[in-house]
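> Give me the fold of what follows.
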Amino acid sequence: GTMAAGIALLRKCGAVVPAAAALIELSFLKGRNRLDVPCEALVAYDS
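Predicted structure coming up:
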């Protein structure tokens, strides 16, 4: 949700968002499914 909101805010300001990156991904929240850009994370927690 936070990453998707950040991307939406950037786009509202006129930015082109080619990709997203995070230090930690909480993959059990399935937030990556809400993104329409490629996303990379250094660490992913499944639970």
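> Per-residue pLDDT of residue 47, please?
On pLDDT, residue 47 comes in at 84.
> nearest spatial neighbour of it, skipping sequence neighbours?
In this structure, residue 47 finds its nearest non-sequential neighbour in residue 28, 5.7 Å apart by C-beta to C-beta, 6 or more residues apart in numbering. C-beta coordinates here come from the backbone N, C-alpha and C atoms, glycine included.
> cool, and residue 4?
residue 34 (4.6 Å).
> Put the alpha carbons of stretch 13-20 into CSV.
Extracted as CSV, the C-alpha positions of stretch 13-20 are listed here (Å, rounded to 0.1, in the frame of the first residue of the first chain):
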residue,chain,number,x,y,z
CYS,A,13,2.9,15.4,-9.8
GLY,A,14,3.8,14.4,-13.4
ALA,A,15,6.7,12.0,-12.8
VAL,A,16,7.3,8.9,-14.8
VAL,A,17,8.0,6.0,-12.5
PRO,A,18,9.9,3.2,-14.3
ALA,A,19,10.5,1.0,-11.3
ALA,A,20,10.4,0.8,-7.5
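> mind listing what's buried in it?
Buried residues in stretch 13-20, counted by 16 or more other C-beta atoms under 10 Å: residue 20.
> what's next to it, contact-wise?
3, 6, 7, 10, 11, 35, 37, 38, 39, 40 (C-beta atoms under 8 Å, 6 or more residues apart in numbering).
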